[in-house]
Structure formats: C-alpha cells, structure tokens
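S.K.: Fold the following for me, if possible:
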Amino acid sequence: MGRVLGMGETLRYTSAKDSGPATVGGYSNFYFVTESPGQKRALLEAGINPMAKITAAAGVRRPAVMIRSSPWKAGSEQTPWHDVFDLDNGHVRYFGDHKFDTVKPLGSTTGNAALLEVFDGHQAPTAEGRAAAPPLLLFRSVSRNGKVKGHVEFCGVGLIERAERVVQWAGRARTTFTNYVFDLAVIDLAAEGDKLDWEWITARRVAGRSDAEVLELAPTAWREWVKHGHSVLPRVRRRVARSRVIKVRDQRPASGSAAETDLEAVYRRFDGDKHAFEALASAVAARVMRASGHSYTEGWLTRRSGDGGADFVGRLDLGSGLAGTKLVVLGQAKCIKPDSLVSAEQIARVVARLRRGWIGVYVTTGAYSEPAQLEMVEDQYPVVLINGQDLVKELREIAREDHGGDLSGCVEHLLNSRPLEVLNRRPEEILLG
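M.R.: Numbers count the residues shown, from 1 in each chain. Next up, the predicted model:
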C-alpha cells in the first residue's frame, strides 16, 4: 500500500492545507495522505464534501463524497442533531445539511443533493451501476491537546442503506424544520488490515480509467457489494465482534501433530458412548471454570432423552457470604468427528434453556463455525465454548500433572474415580447444595 488511512487513525487537519510534510505535530498529515497528484486537494471544510465529478469512458463518475461529523457542535442552534457513529457494528446515522434557516427547497442544499444522488447510485440494480457509485469516506472531528479543532479521525468507508425525512426542533424560538437523515453501512476493511489505500480514490479521479479498472483497487468488501448488491451487507459490514471469532483452522490441531493424535484417540474412545463423554466434558468444564479462580461444583448428568439442550449440570460460586452468589451452569457435550462443525442452531439449543443468571458451556471434539461464534458474540450469549483442540489440551495437562503423561489412563481415571449420577432433576436444584 502507498498512502493509507487507518481505521480509528487521528490525522492533523490544518488551516494551512499544506500537503508537504507526512506528519504534523506527531499525527499523519491529512493533506499528505489524501493527495492525488494533479488533482485538487481533498477537503473537509463542510459536513458533506462531494469531490468534483469526472467524465470517464462509461459516463460521469463522482470519485467520492467525504463526510465529516463534528460532535462538539451537536445540539447547538446551528447543528441541533446528533450523528451516531457505531463503528463496532458498522452503522452510522448521519444528518444532512438542511438547517432551520435554509431557504432552499428540501434536498437542494449542496450536501443533501449530493447524498441523495449517491443514494441512487448505491441502490443501482446492476453491478455496472454500483461500480460507478461513489464511496463515502467517513471522518469525525476529535479533540486533541485540549483543542476541538484541527484533528479528524478516519471512520471508514460507507454506503447509504436508507434515506428518510425527519422533522427537527431548532432555533431560539424552538421552531421545527425538515431535514434528511441517512443510515450508512460501514464496510469491513479486515482484508486490508483495517486500512484504506488512497490509490483507489486517486484512480477514481482519473478520467482515463474505467469503472472496472478502478474497482480492482477497491477494498474486498466493496467489490463484494458491487458484485452482489445489498444482499451481502450482513457479510461485508464492519463487525468488531469478528476479532473475537476464531477461524475454524485455528481451532483444530496441526496436521500430523501429537494433539491431532490425541483428539482422534478421544473421539474413537467416546464415539457411541454418549454418557461417558458427557462425564468427561463435565470434568473438563470444571477445570476450565476453576482456572478463573472461582469455585465450581459438578452436579449430575441428565437422562438420555428429554434433556432439552443440557447434558450436565454444574454450579459456579462467585464471592462468599453476603458478597457471593451462585450460578447454574448448563453443559452440552457433543462427541463428533474432529473435522465436523457445531452450528449456531446447536448452540442456540443450549441458550434457549438458560434463565437469567445462568450460563452455558459447550464441549465438543469438533470446532465451532464462524457464524455460530459471531452470533454468540453479537447477541452476548453467556456460553463458554470448548473445542476439540482445547479439550485435548486440558486433558493432556491433567495427564502430565497426575498420570505421568498417560492420556488414556487419565481419561479412564476421570471417568471411574468420580462417577456422576444420571438424574432427572431441575437444574436450579443445584443451588440448594
């Protein structure tokens, strides 16, 4: 990459507008990073800053529209609205530039007119139409060194999902006026290391370069959206939760490793022996829970039928006396082939049984699909996931500590030295113990 904008990066935006130094006062120089040779400077002088259109081979193309939100102005007489920047979930709600004292017809102000035009492009029914549509480059003013002006934060690349009219209060007389508000989707730049290469924007500003040619320089998520349209927004929208999602390949032992051999041995031992694996899963779950320093009590195994999403029951004790509480732990155990995946629907079966203050734990010899993990993180499910790799890691540590490294002997000892009863009891009864 050449000159890049990093997600969350603070840039110095000076009144001098000098693109010479790469940094100013320890911050990247906005004008240096956004310089396109032979083109006018990119500016953030207004809230909505449309770049000048150019005429390409396929027709007129606007390179980009740069958006700037100034939180320090929110709620003022001139700016009564409050823009919403929820970057972790890839959503921005941005108010247009029609104000209470604007005399122009609604939608004809420079900013609103530009965004309504962009909206039409973002709703284009064909990939060719979407390829010509301009990206929104999102910024917001940030305070640095006690000053509210002179610094901006790069907030990503967006496209317009919805545009609607809203009525707002403004002015000393508390009069009302109508404005536009735009719901923007912020795309995922993970494939580019959470950075935007300015070369894409520079290429969009060159009349001699076709839409298809400049699209090759676009971020991966933007290209996906151009190809498939709004139907892929759930997949290409920025989600910080993804950083907590572990790829399937990273949940499995390396091919040919000792851990892979261990996992295969565990699978063969318990394939077809459901309750025995549930007992093993209960023991491993107890070890994981106790590793956090809290007291954990194993309870019992549920009966073979009608468990409704729970295979074993435990109790997690937090604090002590009046400063303590007890939590029911519902466990699910699935002995599946090590190359198999646990789906979101399977985890949801456990979640459906949880009551307020309960937590779940899922133990498997397989791995968890990425959609299942993402759903769990985004919906804040209180479930601990233990995959096959972590399972054998815990068993191997127990074997080293107490069984001279004999994994098979360790497993059989866990099953025989502390047999759990199979009971038909309500999970909350464990709180009485």
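S.K.: which residue sits closest to the residue nearest the centre of the chain in space, ignoring its chain neighbours?
M.R.: Nearest residue to the geometric centre of the chain (C-alpha atoms, centre = their mean): Arg239, 2.0 Å. For Arg239, ignoring the flanking residues on the chain, the nearest one in space by C-beta to C-beta, 6 or more residues apart in numbering is Gly90 at 6.0 Å. In short, each C-beta sits where N, CA and C put it, glycine included.
S.K.: Run through the residues that contact that neighbour.
M.R.: 185-188, 237-239 (C-beta atoms under 8 Å, 6 or more residues apart in numbering).
S.K.: give me phi/psi at it?
M.R.: Phi and psi for Gly90, reported as degrees, to the nearest 10, are phi 60, psi 40.
S.K.: buried subset of the contacts of Gly90?
M.R.: 185-188, 237-239 (16 or more other C-beta atoms under 10 Å).
S.K.: Cross those against strands and list the overlap.
M.R.: Using DSSP state E, the subset of these located in strands is 185-186.
S.K.: and which of the buried ones among the contacts of Gly90 is nearest Gln373?
M.R.: Nearest to Gln373 among these is Arg239, at 11.3 Å by C-beta to C-beta.
S.K.: pretty sure the closest one contacts Glu378?
M.R.: Yes - with contact defined as C-beta atoms under 8 Å, Arg239 and Glu378 form a contacting pair (7.1 Å).
S.K.: Overlap in contacts, those two.
M.R.: Asn89.
S.K.: Please tell me I have it right and Lys17 contacts Arg41.
M.R.: Yes - the pair Lys17 / Arg41 is scored as a contact, 6.0 Å apart, by C-beta under 8 Å.
S.K.: so what sits against both of these two?
M.R.: Tyr31.
S.K.: Roughly how far does Cys155 sit from Glu397?
M.R.: The spacing between Cys155 and Glu397, counted by C-beta to C-beta, to the nearest Å, is 44 Å.
S.K.: Show me which of the two is the more surrounded one.
M.R.: Cys155 (24 against 12; other C-beta atoms under 10 Å).
S.K.: Please determine how far that one is located from Ile67.
M.R.: From Cys155 over to Ile67 (counting by C-beta to C-beta), the distance is 8 Å.
S.K.: where do the contact lists of these two overlap?
M.R.: With contacts taken as C-beta under 8 Å, 6+ apart, Cys155 and Ile67 have 138-139 as neighbours in common.
S.K.: Adjacent strands (with direction) for the biggest strand by length in the chain?
M.R.: Counting residues, the longest strand in the chain under DSSP E turns out to be strand 151-170. Take DSSP bridges as the rule and strand 151-170 pairs in its sheet with strand 10-12 (antiparallel), strand 136-141 (antiparallel), strand 175-186 (antiparallel).
S.K.: looking at these, which is buried most?
M.R.: strand 136-141 (a mean of 22; mean count of other C-beta atoms under 10 Å).
S.K.: tell me the mean pLDDT over that strand?
M.R.: Looking at strand 136-141 alone, the average pLDDT works out to 96.
S.K.: got it, and stretch 264-275?
M.R.: 94.
S.K.: what's next to that stretch, contact-wise?
M.R.: 276-277, 280, 301, 304, 335-338, 365, 388, 391-392, 395, 407-408, 411, 422.
S.K.: Export that stretch to PDB, keeping only CA atoms.
M.R.: Extracted C-alpha coordinates of stretch 264-275, given in PDB (Å, rounded to 0.1, in the frame of the first residue of the first chain):
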ATOM      1  CA  GLU A 264      -8.600 -38.700  17.300                       C
ATOM      2  CA  ALA A 265      -8.000 -41.100  20.200                       C
ATOM      3  CA  VAL A 266     -10.500 -39.300  22.400                       C
ATOM      4  CA  TYR A 267     -13.100 -39.300  19.600                       C
ATOM      5  CA  ARG A 268     -12.600 -43.100  19.000                       C
ATOM      6  CA  ARG A 269     -12.900 -43.800  22.700                       C
ATOM      7  CA  PHE A 270     -16.200 -41.900  23.100                       C
ATOM      8  CA  ASP A 271     -17.900 -42.300  19.700                       C
ATOM      9  CA  GLY A 272     -21.100 -44.100  20.600                       C
ATOM     10  CA  ASP A 273     -20.700 -43.700  24.300                       C
ATOM     11  CA  LYS A 274     -22.700 -40.600  24.900                       C
ATOM     12  CA  HIS A 275     -22.900 -40.500  28.700                       C
END
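S.K.: Quick one: which of the buried ones among the contacts of Gly90 has the lowest pLDDT value?
M.R.: Arg239 (82).
S.K.: how about that one, what does it touch?
M.R.: 88-90, 188, 374, 378.
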